[in-house]
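Participant: Fold the following, please.
(2 chains)
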Amino acid sequence: MKIPEKWKGIEEDGALALAGRIARRELSVREAVEDALARISERDGRVRAFLCVDRDGALRRAEELQERIDRGEDAGLLAGVPLAVKDNICTAGMRTGCASRILEGFVPPYDATAVEKLRSAGAVILGKTNMDEFGMGSTTEYSAYGKTKNPLNEEHVPGGSSGGSAAAVAANMCAFALGSDTGGSVRQPASHCGVVGVKPSYGRVSRFGLVAYASSLEQIGVLARNVSDAAAVLELISGRDARDAGSLNEKAGYTGALSGNARGLRIGLLEDCFTEGLSDAVGCRIREAAEAFRAAGAQVESCVLPGSEHMLAVYYTIAMAEASSNLGRYDGVKYGYRSPEYADLKELVERSRSEGFGPEVKRRILLGTYVLSAGCYEEYYHKALVLRQRIREAYDEAFSSYDLLLGPVSPTTAPKLGEAIRDPQTARLADLYTVGANLAGIPAISVPCGFDGKGLPVGLQLQAPYLREDLLFRAAHAHEMIRGNEAWEKKDEA
Amino acid sequence: MKLETVIGLEVHVELSTQSKLFCGCSTAFGAPVNAHVCPVCLGMPGTLPVLNRKVPEYAMAVALALHCTIPPLTRFDRKNYFYPDNPQNYQISQLFLPIGTNGWLDTGAGKRVRIHELHMEEDAGKLVHAEDGSGSLVDHNRAGVPLIEIVTEPDMRSAEEVLDFLTELRSRILYLGVSDCRLQEGSMRADVNLSLREKGSDALGTRTEMKNLASFTAIRRAISAEAQRQEALLSAGEAVEQETRRFDEDSGKTLLMRGKETIRDYRYFPEPDLPPLRIDEEWIGSIRSRQPEFRGEKKERFRTQYAIGDKEIGILTEDPHLAELFEETAALSADAGKASNWLLGETLRLMKEEGIEAKDLRFSAGNLAELIRMTKQGEVSSTAAKEIFARMFENNADPHACMEELGLRQQSDADVIRGICEKVLAENPDAVADYRAGKDRALGFLVGQGMKASGGRADPGLLRECMKELL
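Facilitator: Sure thing, here's the model as predicted:
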């Protein structure tokens, strides 16, 4: 591998910078892709971010792109930039299994719209990343194919459910990655791995090709090394899609909002997050970030979001109800796993599902079935819909005074491997800061803001009004500018 | 105790849109197995439904024809159940906010049946069972084909009333052109909910549901069989169980399909993949403005406008396409009687022979009107006209061209006819003698011989006159 001396590898660049080098022909696509593949070879045996790596496909694609660049053609905004895709996002000709045994062997003949857009922008898909089965979990330990480790400290989890994607970005195995966020599944692993993770407004990115867990809550999101990359990739995958009736025709222009200037932004600091459940280190880093914003000329005030105590209950009721229906299609009849032994149709379906789904997925299907069943609908599901509307209204109210809401992503830094599995109920409580944005459909981002005593990264969360990704990225980018590359520097010390 | 039968219906009607409810696949009937499928209607992971806007338009047209209220906001819901003909193991249907509610329909006999609701939903695929019992396969061509379900109130009291209702419903839907309503192909299916109660009572008895009755005869027989079964139970002091039954055509009896204990909990909830559909007054207005004149009104108008009998009007208005063809032909030929005769005689006969429907007729009203004129003016004989019509029926052939091509122009030239007559009289001296001896029947024979000699082309009236004159 011949890499120019001045280039240290993927860790030196974000996606946009790398695309720039390739476009200027300082670096070949092959060199960029081979660098990523080399890092996967070096580290992924231990980290296990990837469920599959398509080396040959990626190198073939690199050659094609290089030829186009050599001919002077426009090969796209991200020409030659290697990325990783979460295993629940469809990639034509490449496994898409939601890290579940039930989808064993499933290879879709179609791309998700987001994937299609990235391909046509010249990005190179390296492979599919590990996750909690069907996105149900927050540590990537509920995968049917083994646990992913946090590349910053391999005794810890990377977070989840997009843990594989976050780990792959943090370990420089790719320049950026796609994840999906149903209740925090992009933001929380981004926080735990010290990278940027953004969940867009509901409808911003087409859900076509995102294997459904909880349809009314989830969006495809981006994990990246910096805010500019996250904004650029999100802008690229956004937009109306005829294949998703819920996708929006809104103009997505946020890269222009990255002024580095926080002056005049009205930021509400969510005081009700600072409870006993919040670790001291995370609390301190968030207050420091608030101070930094204030010092940069933003107005920062304490605020509360009424009704946030109901968010988790509302979220799990709706998510599990939708999941119980969405996952009905995995029955062993058409594709994926089929139990080898069955006497009749009923047994075929029952056994395939019993053997194909993991424990957390089964728990959520059962609870979801229960909350929709006759007699429970009114008491649980309907009530959750009513409260969801109140939560939306609480956000609207807050955003009448503030441009952005600032708070933590997760109450703690990444837990040790095994902790969450021992106590799934407590593990689910860790989603309390992130589910609100999904319930309200608003955009939110996780940005690195320092470390705890053990050198594990802390992320801050910014939430913005519906369709105001421009505010979100402006503030996140300003924070990144203010804090410099502190996050990455400290990581090197650790 | 005098018992009364109480019947409500759930009628499924397959809409004749070109493509399916939530994807672009064709809805055509009779394609090879799994030819009309795509990742969306197969419910593959990651795919999403996208509403075909034609479907709510067709559904609203029927809702308006049934005097339903159309809400400003309608929404789809999921009905969850496991069955392999249902690729997602849920059906996208409507429960909470159906597209039509609170309507009514008067039958031809003047009975008003209230409509509880009308909703849209997707059809399921079809299981194909191997004859040797080795397994079952699924054909998904029908999966995702749009249906409307019309739910009536329990307002009918007899099989007659049910059939009257279905006849009127079918006629309205055919007039709207939104379904072909073919029971035998399953594009119209009725579930019958039936209970008995003491005559004069307001309370409803326990009902049973009979599913998927596929012909009017089956519906009539099923109602009679089920009413008898329930009556026998009740008069023996036993209770009717709320259950789902099916009608067995061979035995003429209804059989248990699913008992009360297996009543499914469908766990309906709002479909999160489809945004609610807003329906404004303008949209409703544009659909209302396209409502056709339905059969009852058309019959009334025909009675005052055309000098044809009630029986003829009845048949002509059964199918809106036939009625339209009639009106055009009547206008162009200025002879409603002849237009009606051609359509109800030769046309229906040939349609039946070929097994086609009025909408598939190929000849134009203009050509039929021209043929009527040619017959009236003696250019062709009525026998020849039938021959020409058969050609028109095939391929809308021009009647003039046909006449020339087949050599069917009627012979009305006095000299030519005189020549034929002279020849026939000369060749049949016996018949001539008979006639002169007072046997009038001989004239008929001679005219017949004359027609034969002319190759059927001679004007029979002229021929007879000339023959008499010469005799």
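Participant: For residue 80, give me its contacts.
Facilitator: I went with chain A, as the question did not name one. Neighbouring residues of residue A:80 by C-beta atoms under 8 Å, 6 or more residues apart in numbering or on different chains: A:18-19, A:22, A:28-29, A:32-33, A:62, A:65-66, A:69, A:122, A:124. Yep, even glycine has a C-beta here, placed from its N, CA and C like the rest.
Participant: if you could check chain B rather than the one you did, that'd help
Facilitator: If you count contacts by C-beta under 8 Å, 6+ apart, then residue B:80 has A:324, A:325, A:328, A:372, B:89, B:90, B:266, B:267, B:268 around it.
Participant: Need phi/psi at it.
Facilitator: phi -90, psi 120 (degrees, to the nearest 10).
Participant: Check which residues of the helix or strand where residue A:350 lies are buried.
Facilitator: Take DSSP states H and E as the rule and residue A:350 turns out to sit in helix A:345-356. Residues A:345, A:348, A:349, A:350, A:351, A:352, A:353, A:356 are the ones in helix A:345-356 that count as buried (16 or more other C-beta atoms under 10 Å in any protein chain shown).
Participant: Can you tell me, leaving aside adjacent residues, what's nearest to residue 332?
Facilitator: I'll assume chain A. Nearest non-adjacent residue to residue A:332, counting by C-beta to C-beta, 6 or more residues apart in numbering or on different chains: residue A:352, 2.8 Å away.
Participant: actually it's chain B I care about, not the one you picked
Facilitator: Using C-beta to C-beta, 6+ apart and skipping the chain neighbours, the partner closest in space to residue B:332 is residue B:369 (3.5 Å).
Participant: who's in contact with the one you found?
Facilitator: B:328, B:329, B:332, B:333, B:339.
Participant: Phi first, then psi, for the fourth one.
Facilitator: Per-residue torsions, residue B:333: phi -100, psi -10 (degrees, to the nearest 10).
Participant: Distance of it relative to residue B:370?
Facilitator: Noted for residue B:333: a distance of 8 Å to residue B:370, by C-beta to C-beta, to the nearest Å.
Participant: With neighbour numbers in mind, choose between these two.
Facilitator: The neighbour count for residue B:333 versus residue B:370, taken as other C-beta atoms under 10 Å in any protein chain shown, is higher for residue B:333 (22 against 19).
Participant: pretty sure that one contacts residue B:375?
Facilitator: No - at 9.9 Å, residue B:333 does not count as touching residue B:375 under the criterion of C-beta atoms under 8 Å.
Participant: Who are the contact partners of the spatially most central residue of chain A?
Facilitator: The C-alpha lying nearest the average C-alpha coordinate of chain A belongs to residue A:186 (C-alpha atoms, centre = their mean; 2.1 Å). Counting by C-beta under 8 Å, 6+ apart, residue A:186 touches A:162, A:165, A:179, A:180, A:197, A:198, A:199, A:221, A:222, A:223, A:446.
Participant: just the helices in the stretch 251-400 of chain B please.
Facilitator: B:281-288, B:295-305, B:310-316, B:320-333, B:336-342, B:348-354, B:365-376, B:382-395, B:399-406 (DSSP state H, counting those that start in this stretch).
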